[in-house]
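J.: Here is a sequence with its predicted model. Questions after.
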Amino acid sequence: DITDITDIVNNDYSDKKKTFNEDYLKKIQFYIDNGDLKSALSLCNSSYSYGGDLSYQVDLIRAKLQITAGDDKGACRSILKCRESMELFDSETTTEIWKMGGETFYKLNFPLHAELWLKRAIRSSDGSDRQTKIKFQNIRTKRLYKEQTEKLPVAVVFGDHGKGIIAKENSDSGMELMKESALVSAATLFTDNRPVCHHCAKSLLTANDYFNDKSMAKLSDKDRLLINKYWPITKSVQCDYCEFETYCSSQCRVDAWNTYHCILCPSRNPVAKKLYELCAAGEPIVKGYWRDVFSPLMIAKLIAQIMIKAKLLCEEYGCETPDNTIWGEAKAPYRQFIAYGTAGVTEWASDMCQLMCQIFSNTDDLLGFSYPLTPTEFQGRYYQIACNCQAFADPDPPIKRFVEALKRDNQYDLIKHLLTREPEEATFGGLFALHSSFNHSCDNSVEVYDHMVGGRPGISVRSRKPVTAGDELLLAYIDTKLPRTRRRFWLYMGYNFHCNCLRCRFEGDDSSSCTHCGINANDVDNHNDTKRDDTNEVIDVEKIAEVNEVKDKYFKSCSGCRRAWYCSKSCQTLNWKQGHKKVCKMAHSDTHSPVNAVLADNEKRLDILANIMATMRTVAL
């Protein structure tokens with residue numbers, strides 16, 4: 001749309017000692033008012049021959065006319081001429097020019113220029129232009145993820161709720177949408193001492209690890225022969241210089257050394273020994289050091305990877321130490337991970353923060369420079385991992401291959417009596433670039449599974465229900481079988497949002513309050529069943545629980561799901577029609593992550609951890 005230019009014409013630029021030909025501008029406005037944009041544009045073009053104080057105003061009018069006519073290249077030239085005289089425009093018009101430039105550059109497939117111009121528009125408006133902010137983030141998001149999603153049926157977009165992933169095409173339930181390797185990973189603290197490759201997460205479980213030496217000695221010769229015959233050969237390779245890292249192959253040992261361990265190996269960086277010892281202890285709560293399930297090694301590995309990338313860039317550019325440009329390029333892959341939380345990590349983890357700073361200030365002899373880690377960055381890196389960490393494990397561990405081989409040869413029944421417990425496999429936490437863009441819903445449309453990616457453990461994402469092109473794909477961050485109170489608590493503590501998805505809206509917290517009207521059971525002495533159903537919808541009575549009178553100040557639950565409680569029949573009927581009918585029998589997330597067993601085994605410690613963190617993570621940064 002062409003905006004009226006009367007304000008431009010009538011602006012007082014006398015303080016800038018400018019004069020202009022009002023008649024000339026009025027002629028242009030006359031053509032615009034009468035819909036003759038071609039003549040208006042022709043008159044604008046003829047102004048080049050006049051030049052002088054008139055040109056900067058006509059440049060803006062010309063740019064708008066060219067945008068309307070679809071002449072993006074011409075508009076770009078006019079906008080760039082406006083840029084040369086930007087100081088002559090008022091602030092509102094300046095913001096408009098920056099926006100026009102950003103949008104035009106994007107149409108011409110110059111996303112970086114578009115981002116720069118839109119960023120200037122945001123600054124010019126003091127950050128008050130929400131739509132321009134969203135447009136800037138959307139262009140930036142598409143640029144960052146275009147290459148990753150080009151051959152996938154999904155795309156990353158930016159909307160009112162931040163980054164999200166949408167379907168580019170229709171897909172059926174169970175369709176694999178993407179698979180991904182972790183940028184950074186480490187075994188969780190509960191499973192750090194289990195047999196596993198510390199670089200790629202492959203299980204190194206042996207028959208002796210599973211059956212243990214004493215049990216193996218008690219087995220019959222026939223059982224031992226079957227185990228020795230069918231258990232996969234598992235080899236492990238130790239770090240050449242320390243006892244803290246074990247690998248599945250020489251290649252993993254080399255890859256680990258070249259990406260992070262050459263900086264963190266205690267034989268070269270003695271300060272790092274304390275970090276490895278803390279992780280090997282397997283305790284998520286260590287006063288002054290740590291209060292989380294994921295390993296602090298993830299922070300250390302991330303920073304080590306940045307340092308090694310900076311070293312490679314220094315060699316490429318022929319400089320001895322990294323400057324701000326090199327540091328910026330080395331950190332770029334990790335900027336896509338959001339970080340929400342309170343400004344208290346460096347207080348309860350002050351000793352860990354100090355230890356990390358010492359580790360990375362002790363690398364001059366190793367790389368020729370150190371890393372300027374600050375408490376602020378330590379806190380930011382912590383929340384990057386806390387907000388984006390995904391549990392994963394080896395999808396094809398030795399015991400799985402052992403059972404499959406036995407069944408293939410019809411030998412499983414002979415030995416199944418010995419397989420009486422779950423194996424103690426390691427669970428890893430990882431940062432996955434594309435996966436981190438999924439938003440949450442307790443009524444999720446996709447699931448995460450352990451999956452081999454390039455011969456190493458990673459993740460895959462599959463649809464759990466049919467999806468339509470353009471739909472946002474939503475992931476369950478937590479176990480949806482948890483009660484609503486716990487789900488919302490963990491989501492708020494871990495991700496700083498209050499979930500209001502369909503399941504959360506139409507499930508209740510407990511029997512002390514009515515799920516529909518919210519009245520407390522202790523306040524219902526004079527509460528009569530006066531609500532009336534004002535719709536004509538037919539109710540499936542068989543799926544609605546009978547609600548009796550209040551007894552002992554508690555309400556009765558829905559007989560279908562036992563996750564909603566009502567003070568009266570009418571409240572139950574209304575809630576059923578408004579949404580509970582959909583969630584009552586809604587299937588829960590069916591992904592069984594190996595972390596579930598870990599959480600179950602350590603539920604008491606996790607409850608303590610949750611209570612501690614409830615006082616720490618309360619305000620978004």
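T.: Good, I have the coordinates.
J.: Listing request: residues of the stretch 251-400 of the chain with sub-threshold pLDDT.
T.: Regions of the stretch 251-400 of the chain meeting the criterion pLDDT under 70 cover residues 343.
J.: could you pull out the helices for it?
T.: Ranges of helices in the stretch 251-400 of the chain, per DSSP state H, counting those that start in this stretch, are 262-264, 272-281, 297-317, 324-331, 345-348, 350-360, 364-367, 375-388, 398-408.
J.: now the stretch 451-600 of the chain
T.: Using DSSP H, counting those that start in this stretch, helices in the stretch 451-600 of the chain cover 484-495, 502-505, 569-575, 581-583, 595-601.
J.: Quick one: list the elements packing against the shortest one.
T.: The criterion is 3 or more CB pairs under 8 Å, 6 or more residues apart in numbering; DSSP states H and E, and the helices and strands that helix 581-583 contacts are helix 502-505. Heads up, the C-betas are built off the backbone N, CA and C, glycines and all.
J.: Distance check, E507 against N138.
T.: 33 Å (CB to CB, to the nearest Å).
J.: Wait, F506 touches L574, no?
T.: No: taking contacts as CB atoms under 8 Å, F506 lies outside contact range of L574: 11.0 Å.
J.: So for these two, which residue has more residues nearby?
T.: Comparing F506 with L574 by other CB atoms under 10 Å, the one with more neighbours is F506, at 24 against 19.
J.: Show the contacting residues for that one.
T.: For F506, the contacting residues are 515, 564, 575, 578-580, 582-583, by CB atoms under 8 Å, 6 or more residues apart in numbering.
J.: do A300 as well
T.: Counting by CB under 8 Å, 6+ apart, A300 has contacts 260, 264, 272, 275, 356, 359.
J.: from these, which is closest to L177?
T.: Closest approach between the contacts of A300 and L177, by CB to CB: Y260, at 29.7 Å.
J.: Can you pull up the most central residue in the protein?
T.: S436 (2.7 Å; CA atoms, centre = their mean).
J.: Touching, that one and P333? I think so.
T.: No: using CB under 8 Å, S436 is not in contact with P333, being 11.7 Å away.
J.: Please identify the most buried of the helices of the stretch 251-400 of the chain.
T.: For these, the largest average neighbour count (mean count of other CB atoms under 10 Å) is found in helix 262-264, namely a mean of 23.
J.: How far off centre is it?
T.: Computed by CA atoms, centre = their mean, to the nearest Å, the chain-centroid distance of helix 262-264 equals 28 Å.
J.: Please report phi then psi for V237.
T.: Dihedral pair for V237: phi -130, psi 130, per degrees, to the nearest 10.
J.: Contact partners for it?
T.: 246-250, 252-253.
J.: partner residues bridging it?
T.: Beta-bridge pairing of V237 under DSSP bridges involves Y247.
J.: State the distance from it to F489.
T.: 43 Å.
J.: just M586 next, same as before
T.: Taken as CB to CB, the span from M586 to F489 is 21 Å.
J.: Same question for K38.
T.: In terms of CB to CB, K38 sits 64 Å off from F489.
J.: Same question for C265.
T.: With distances taken as CB to CB, C265 is found 39 Å from F489.
J.: Show me which of those two is the more surrounded one.
T.: Neighbours were counted for C265 and for F489 using other CB under 10 Å; C265 has more, 22 against 16.
J.: Quick check: that one touching C239?
T.: Yes: with contact defined as CB under 8 Å, C265 counts as touching C239 (6.5 Å).
J.: who touches both of those two?
T.: By CB under 8 Å, 6+ apart, the residues touching both C265 and C239 are 245, 257.
J.: so where is the chain shaky, pLDDT-wise?
T.: Where the chain drops to pLDDT under 70, the residues are 1-22, 47-55, 343, 524-553, 590-621.
J.: Check which helices and strands the helix or strand where A75 lies sits against.
T.: Per DSSP states H and E: A75 is located in helix 72-84. On a contact count with 3+ CB pairs under 8 Å, 6+ apart, helix 72-84 meets helix 55-69, helix 91-107.
J.: Those into TSV, with extra columns for mean neighbour count and distance to K556?
T.: Shown next, in TSV, are the helices and strands packed on helix 72-84 (neighbours: other CB atoms under 10 Å; distance: least, CB to CB, whole Å):
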stretch	mean neighbour count	distance to K556
helix 55-69	22	63
helix 91-107	20	57
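J.: CSV for those, including distance to R462?
T.: Shown next, in CSV, are the helices and strands packed on helix 72-84 (distance: least, CB to CB, whole Å):
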stretch, distance to R462
helix 55-69, 43
helix 91-107, 33
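J.: Of all the ones you listed, which one is nearest D523?
T.: helix 91-107 (53.0 Å).
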